[in-house]
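Asks: Sequence below, structure please.
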Amino acid sequence: MTLKRYYESAYAREWNAAIVEVSEREDGLYVRLNETAFYPEGGGQPGDTGQIGNARVLDTIAVDGDVLHKVDSAPGEPGDEVLCALDWQRRFDHMQQHTGQHLLSATCLDLLQAPTLSFHLGEEYSTIDVDLAEWSDEELDAVEREVNARIVRILPIASYFVSPEQAAALPLVKAPSVEGEVRIVEIQGIEYNACGGTHVGSTGELGLLKLLRAEKQKGRLRLTFKAGFRALREFSVQTKILASLSAKLSTPKEELAERLDKWNEEDRRKQAERNALRQQLYAYIARELLDEADRTGGAVARLFADGTLKELQSLASALTPRTPRPVLLGSLPELKLVLAHGGQPDFACGTLLREVLPKFGGRGGGGDRSAQASFASEAELRACYEHLSAFFA
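Replies: Purely as a prediction, here's the structure:
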């Protein structure tokens, strides 16, 4: 059985160990040591990485009470002594996030009477799912303030094993899921938690915890947060972004939201004006196209040098109620073609296009009264347009 040094101290960074076994598993090469400070994945906390001799430790897992280290190469033979080293920056980050979760969950329970249902420690951020269906911003602000108040109190955090009988006498957050001795993580005056993870020695080592997002997932509250150096980096990034926006917009950061609201309102007003002008333009173009079709006969047709497919579809919708003729419109910039009618002609637009398009390298289709086509070149679009114009003449 592997001696688990991370239970003795979460702060061990380097140590010597003997290789017990080197074995191949389905997903790679694994090493078992006689003792290790590499924490195996569990309880929402990822497995540690680092070095065993000259081999890179890619992951750490627990199998039947032993700790196995996934490596990129064999660090030696069974019996060899090797120097082991944690990726300490990553480990300490995990300690900050995991301890931050304990403190955040305890505070949610104290202030909101809402227990934590699950915890995820990700590469960029962490989340907890809380048994709470409704909440307010004021409640979450109070939770964040209390968490950080508990951080600055520098409360001691202790980890130790107790018997099942001793565990039963403690006010644990939830009943332990293991048999035999139970490992307790105690935040002084805050909570007793049955947990096998690695944690900092006091709340002061968290430095800061920041709630980033609150959302409803499966009917319950999900809180996204960062603690420690992650929270500091998040604050630094956001500060730089705000400073950059403030400088570019010549607006104090406190007034950026108001400035953006004004811009959005102005954009909505201008969009409404553009839509009104566009409808006037469609009405003018429609009259022009209808008059031209009446003079020449055939379809209501035109190729546009600056029209989009969406604009042509809107124009076709405006034209078809006003004429029994087919409507044939093309967009040169997008190499698109629209064919439509109001129901009077005795042909289906989609069927006709599917018959014609292969001759011109086009693709498309549609229903009885409206269809669209696309082309690889302007020459193909023009050729198909001329063919259909002649067909309707």
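Asks: and the spatially closest residue to T351 that is not a sequence neighbour, what element?
Replies: Residue nearest to T351 in three dimensions, not counting chain neighbours: D368, with 7.9 Å by Cβ to Cβ, 6 or more residues apart in numbering. (Each C-beta comes from the backbone N, C-alpha and C, glycine too.) Assigned by DSSP states H and E, D368 belongs to no helix or strand.
Asks: Return the backbone torsion pair for D368.
Replies: Dihedral pair for D368: phi -70, psi -40, per degrees, to the nearest 10.
Asks: residue contacts, it?
Replies: D368 makes contact with 348-351 under the criterion Cβ atoms under 8 Å, 6 or more residues apart in numbering.
Asks: could you dump the residues you listed to CSV with distance to R233?
Replies: Shown next, in CSV, are the contacts of D368 (distance: Cβ to Cβ, whole Å):
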residue, distance to R233
A348, 61
C349, 57
G350, 55
T351, 60
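Asks: Those residues in helices, which ones?
Replies: 349-351 (DSSP state H).
Asks: Out of those residues, give me the one that has the most neighbours.
Replies: Of all those, C349 has the most neighbours under the rule other Cβ atoms under 10 Å, reaching 23 neighbours.
Asks: ok, that one touching A373?
Replies: No - look at C349 against A373 with Cβ atoms under 8 Å: they stay out of range, at 10.0 Å.
Asks: hey, what's in contact with both of those two?
Replies: Shared contacts of C349 and A373, defined by Cβ under 8 Å, 6+ apart, comprise L339.
Asks: quick one: which two of the contacts of D368 are the most distant?
Replies: Distances among the contacts of D368 were taken as Cβ to Cβ; the most separated pair is C349 and T351, at 7.4 Å.
Asks: helices or strands next to the top helix by length along the chain in the packing?
Replies: Criterion DSSP H: the longest helix present in the chain is helix 256-296. Helices and strands touching helix 256-296, by 3 or more Cβ pairs under 8 Å, 6 or more residues apart in numbering; DSSP states H and E, are helix 228-249, strand 300-304, helix 309-319.
Asks: Tell me where the longest strand sits in this structure.
Replies: The single longest strand within the chain, with elements called by DSSP state E, is strand 14-25.
Asks: Now that one - C-alpha only, CSV.
Replies: The C-alpha trace of strand 14-25 is given here as CSV (Å, rounded to 0.1, in the frame of the first residue of the first chain):
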residue,chain,number,x,y,z
GLU,A,14,10.0,17.2,-3.1
TRP,A,15,10.9,13.8,-1.6
ASN,A,16,12.7,10.6,-2.4
ALA,A,17,10.8,7.4,-3.1
ALA,A,18,11.4,3.9,-4.3
ILE,A,19,9.8,2.6,-7.5
VAL,A,20,7.5,-0.4,-6.6
GLU,A,21,6.1,-1.2,-10.0
VAL,A,22,6.0,0.1,-13.6
SER,A,23,3.0,-1.1,-15.6
GLU,A,24,1.1,-0.5,-18.8
ARG,A,25,-2.6,0.3,-18.6
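Asks: ok now the next helix-or-strand element following it, how far from the chain's centre?
Replies: Downstream of strand 14-25, the first helix or strand assigned by DSSP H and E is strand 28-33. Taking Cα atoms, centre = their mean, to the nearest Å, one finds strand 28-33 lying 33 Å from the centre of the chain it belongs to.
Asks: List the buried residues of stretch 227-244.
Replies: 227-231, 234 (16 or more other Cβ atoms under 10 Å).
Asks: Go ahead and name everything in contact with it.
Replies: Stretch 227-244 is contacted from outside by 92-93, 96-97, 99-101, 125-126, 205-210, 212, 225-226, 253, 256, using Cβ under 8 Å, 6+ apart.
Asks: repeat that with 6 Å
Replies: Stretch 227-244 has contacts (Cβ atoms under 6 Å, 6 or more residues apart in numbering) with 96-97, 100, 206-210, 226, 253.
Asks: Out of the contacts of D368, which is nearest to R363?
Replies: Nearest member of those to R363, counting by Cβ to Cβ, is G350, at 12.4 Å.
Asks: could you measure that closest one against D93, distance?
Replies: Distance of G350 to D93, computed by Cβ to Cβ, to the nearest Å: 58 Å.
Asks: try P252
Replies: On the measure of Cβ to Cβ, P252 and D93 end up 34 Å apart.
Asks: can you pull the alpha-carbon coordinates of stretch 60-80 into PDB?
Replies: Taking Å, rounded to 0.1, in the frame of the first residue of the first chain, the C-alpha atoms of stretch 60-80 are listed here in PDB:
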ATOM      1  CA  THR A  60      -2.400  10.700 -10.700                       C
ATOM      2  CA  ILE A  61      -5.100   8.300  -9.900                       C
ATOM      3  CA  ALA A  62      -6.200   6.000  -7.000                       C
ATOM      4  CA  VAL A  63      -6.700   2.300  -7.700                       C
ATOM      5  CA  ASP A  64      -7.700  -0.100  -4.900                       C
ATOM      6  CA  GLY A  65      -6.000   2.000  -2.200                       C
ATOM      7  CA  ASP A  66      -2.800   2.500  -4.100                       C
ATOM      8  CA  VAL A  67      -1.700   5.700  -5.900                       C
ATOM      9  CA  LEU A  68      -0.700   5.300  -9.600                       C
ATOM     10  CA  HIS A  69       1.200   8.000 -11.500                       C
ATOM     11  CA  LYS A  70       0.700   8.300 -15.200                       C
ATOM     12  CA  VAL A  71       4.100   9.100 -16.800                       C
ATOM     13  CA  ASP A  72       5.500   9.900 -20.200                       C
ATOM     14  CA  SER A  73       8.400   7.500 -19.800                       C
ATOM     15  CA  ALA A  74       9.700   5.000 -17.300                       C
ATOM     16  CA  PRO A  75      11.700   6.800 -14.600                       C
ATOM     17  CA  GLY A  76      13.600   3.600 -13.700                       C
ATOM     18  CA  GLU A  77      13.200   0.000 -12.600                       C
ATOM     19  CA  PRO A  78      11.400  -1.400  -9.500                       C
ATOM     20  CA  GLY A  79      13.700  -0.900  -6.500                       C
ATOM     21  CA  ASP A  80      15.300   2.300  -7.900                       C
END
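Asks: How far does it sit from its chain's centre?
Replies: Chain-centre distance of stretch 60-80: 33 Å, with Cα atoms, centre = their mean.
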